[in-house]
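> task: produce atomic coordinates for the following.
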Amino acid sequence: MARSYTIKGTGGNRSADAIDYPSLLNEQQLAAVTSKPGTALVIAGAGSGKTRTLTYRVAYLLEKGMAPHHILLLTFTNKAAGEMLTRVSQLVPQDVHGIWGGTFHAVGNRILRRYGDLLGYSKGFSIMDREDQNSMLTQVRRDLGLGKIGKKQDKRFPKSSVLADIHSITQNLDRSLDTILNERYLHLQEFFEDIVKILKAYEKKKLASNSVDFDDLLCKTLILLEQNPEVRRHYQEKFHAVLVDEYQDTNPIQSRMIDLFAHQHRHLMVVGDDAQSIYSWRGADFRNIMGFGERYPGCTVHKIETNYRSVPEVLELANESISANIHQFEKNLVPARESKQFLPALIPVQDPNQQASFIGQRVQEVVDELGIAYSDVAVLYRAHFHSMELQMELTQRQVPFKLTSGPRFFEQAHVKDVSAFIRFVANRRDEVAFKRMLKLVSGIGDVTAEKLWRSWLGCEASSPDSPLPESFSDLLLGFRVGARSESDWQQLAYTLDELVEDGAPVAPSRMITSIVKGLYEDFARTAFPNYEQRMQDIDQVQRYSEQFKSLGEFLTKLSLETNSDREQADDDDKVALSTIHQAKGLEWPVVFVIWLTQGMFPSRRALEVDEHNVDAFEEERRLFYVAVTRACDQLYLLYPLYRPGGYGRHDDYFQTPSEFLTELPEDLTEEWDVGTAW
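Residues are numbered from 1 along each chain as shown. Alright, predicted model coming up:
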């Protein structure tokens, strides 16, 4: 029988400078931070210092002697993980670099890089983003000859972007294709068999090209852990403490990953707010946080209810707004701030144009009256099209604003064009990257690109196990291309030569210089009207790449940033126009919430749900709660009384106020009577 031996914690290595937790945390935060090892659910209300609590919990574990490499901190953005770990490093003397901190996808990538060979992948696999997925799915559909009526394309057949969405939903919800089509894509049921064929071939093609999509970083990691006891045991022994941020946003796959990681030591703390669970459309499962106590009987539940963000008037309305939900952890946000003597404004307006006019004028007034910046003001809405009239009005009034929509920096076409060269050098089986490079060569279409790809696969150098070729041009220039393509094809081959030196890839920053000067600058000059701006963007990528010596680290960072993080630094003094979903986690002194009418907010879809299924409607109410809790000082709630008719019609539709407004007690708001001076 083996002898048991326990290594005791050192209790940290500083005493005089130990963190004074009682002076830095409120009573509820302190209870969570200093709780004993075990399973704990921390319900942290809006603006209550959730991130602060989780940060100090990590510091507390380190002070108690837990080694950094035994801590797993799971977040939903790299930014959140980076900020927490930076703060922890400022609190404790230990080197925190050993902590496994990052998004679920980043952790999954890290595990797959080490053990992916058990699933048939080499360590240099590529991570495809959504555009890459679309390209591969298009190729698969063409190879299978599906989606056609005779020789013509069937316009009813789902496009690759839709197929990618369907695939992603089935993966993240861990549900069958048939179920997903019945629930969300009933009009595509007739194509069920063809979709099955495409998705199966897509999986095979990913493996053959040594590529994974973003969802695979979760799903294939889970498969790896569930099917390989030794790998599972390794990480279960490694992670003595598992901490999870924004737990209410986890999907079924993420929930199972968490349970697997925490299985052995049973030291798990999840932090979240059920009242801010608003992402079911992308796979988040509200039942994860509500059912935590059932999965972990005897777990400790902490509630953090002191709000440091909003004035009492806003918080009182917020508490009342969520009270009608049946499925929730009851809590009451308590203000830490004093009153500003401004009740939330309830504002009926004549129509969407008057709604826009009111906001345009009032924004200028609050900026002047309060002495705040335009960037201290936000207008929030349920759907992007709700902002149409407002955008025109603010433009006319010359009020600066920014939209949250549009492609992210690393998803821009010119950035992806340049990164395709780098990806191909790192993974010579990356078909998507290879064919993206070919799009820069004049005269090469899909048919020729496929022939060139097959010619490349016939080269020994295409194998991931073979060394990098001393000269790409010696191989590529032996392939047949048309006279129109010959010059560009030669330049592409010679450019690839410059990306390798002495049998190894050069630094990413050197690669970008060679790509731009060798080929891309001339292409961009003729392809893009805003050529100078795009070249400035690529220059920024090069500057960013200088911090990476390893090609793999640079590409991984690039892929993870492209696929997950939406936060982008923007110091411009502009009013924020945002959907509520994208505003979660942010705050502004002044917030306008617009289009608060039945059918708009709550949405028509939520109103059509069967009366016995309240999930969709309750999530809509949680969305309203998130909207109002973004406001620090002033809150304006607007609803148009009339809505213009459809195209070519002159009649208006009468609008009824949102149920989320009518269920509020009258004394929580001040109604404004908006008139016009003309």
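> mind pulling up the pLDDT for Gln391?
Looking at Gln391, its pLDDT stands at 83.
> direction included, what does the host helix or strand of Pro589 pair up with?
With elements delineated by DSSP states H and E, Pro589 resides in strand 588-593, which encompasses its position. According to DSSP bridges, the neighbouring strands of strand 588-593, each with its direction, are strand 377-381 (parallel), strand 631-640 (parallel).
> and the shortest one, how far out from the chain middle?
Read that as strand 377-381. Relative to the chain's own centre, strand 377-381 is displaced by 20 Å; criterion: C-alpha atoms, centre = their mean, to the nearest Å.
> what does stretch 341-360 give?
Computed by C-alpha atoms, centre = their mean, the separation of stretch 341-360 from the middle of its chain amounts to 32 Å.
> give the buried residues for that stretch.
Within stretch 341-360, the residues scored as buried using 16 or more other C-beta atoms under 10 Å are 343-352, 354-360. Placement of C-beta: from N, CA and C, glycine included.
> mind listing which of these are in helices?
Secondary structure of these is defined by DSSP state H; positions in helices are Pro352, Gln354, Gln355, Ala356, Ser357, Phe358, Ile359, Gly360.
> so the fourth one versus Leu394, what's the distance?
Going back to what we said before, that points to Ala356. Counting by C-beta to C-beta, to the nearest Å, the gap from Ala356 to Leu394 is 8 Å.
> where along the stretch 1-150 of the chain do the strands fall?
For the stretch 1-150 of the chain, the strands defined by DSSP state E, counting those that start in this stretch cover 39-44, 71-75, 100-103, 126-128, 148-149.
> actually the stretch 551-678 of the chain, not the one I wrote
In chain order, the stretch 551-678 of the chain shows strands spanning 575-579, 588-593, 631-640, 642-644, 652-654, 670-671, with DSSP E, counting those that start in this stretch as the criterion.
> how about the contacts made by the nearest residue in space to Pro657 that is not next to it in sequence?
Leaving aside its sequence neighbours, Pro657 sits nearest to Tyr639 (C-beta to C-beta, 6 or more residues apart in numbering; 5.1 Å). By C-beta atoms under 8 Å, 6 or more residues apart in numbering, the contact list for Tyr639 reads Ile347, Pro348, Val349, Ile594, Trp595, Leu596, Thr597, Gln655, Pro657, Ser658, Leu661.
> wait, the second one touches Leu641, no?
This points to Pro348. Yes - taking contacts as C-beta atoms under 8 Å, Pro348 lies within contact range of Leu641: 5.7 Å.
> show me what counts as buried in stretch 442-453.
Buried residues in stretch 442-453, counting neighbours by 16+ other C-beta under 10 Å, are found at Ile444, Thr448, Ala449, Glu450, Leu452, Trp453.
> in helices, which of those appear?
Using DSSP H, the members of the buried residues of stretch 442-453 that fall in helices are Thr448, Ala449, Glu450, Leu452, Trp453.
> name the nearest of the residues you listed relative to Leu30.
Trp453 (60.1 Å; C-beta to C-beta).
> ok, now how distant is that closest one from Val301?
Using C-beta to C-beta, one gets 56 Å for the distance from Trp453 to Val301.
> just Phe472 next, same as before
With the distance defined as C-beta to C-beta, Phe472 ends up 59 Å from Val301.
> looking at these two, which one has more neighbours?
Here Phe472 and Val301 are compared on neighbour count by other C-beta atoms under 10 Å; more neighbours surround Phe472, at 24 against 13.
> between the strands paired with strand 588-593, which one is nearest to Thr306?
Relative to Thr306, the nearest member of the strands paired with strand 588-593 by C-beta to C-beta is strand 631-640, separated by 15.0 Å.
> one step back: which of the strands of the stretch 551-678 of the chain has the lowest average pLDDT?
strand 652-654 (a mean of 69).
> tell me which stretches of the stretch 151-300 of the chain form helices.
Using DSSP state H, counting those that start in this stretch, the helices assigned to the stretch 151-300 of the chain run over residues 160-173, 177-184, 192-208, 216-227, 229-238, 252-261, 286-290, 292-295.
> export these to a markdown table and append columns for distance to Ile43.
Rendered in a markdown table, the data for these read as follows (distance: least, C-beta to C-beta, whole Å):
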| stretch | distance to Ile43 |
| --- | --- |
| helix 160-173 | 24 |
| helix 177-184 | 29 |
| helix 192-208 | 38 |
| helix 216-227 | 25 |
| helix 229-238 | 27 |
| helix 252-261 | 17 |
| helix 286-290 | 8 |
| helix 292-295 | 10 |
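> Glu486: which of those is closest?
When these are ranked by distance to Glu486, counting by C-beta to C-beta, first place goes to helix 192-208 at 29.5 Å.
> and the closest one, what does it pack onto?
Applying 3 or more C-beta pairs under 8 Å, 6 or more residues apart in numbering; DSSP states H and E, one finds that helix 192-208 makes contact with helix 130-144, helix 160-173, helix 177-184.
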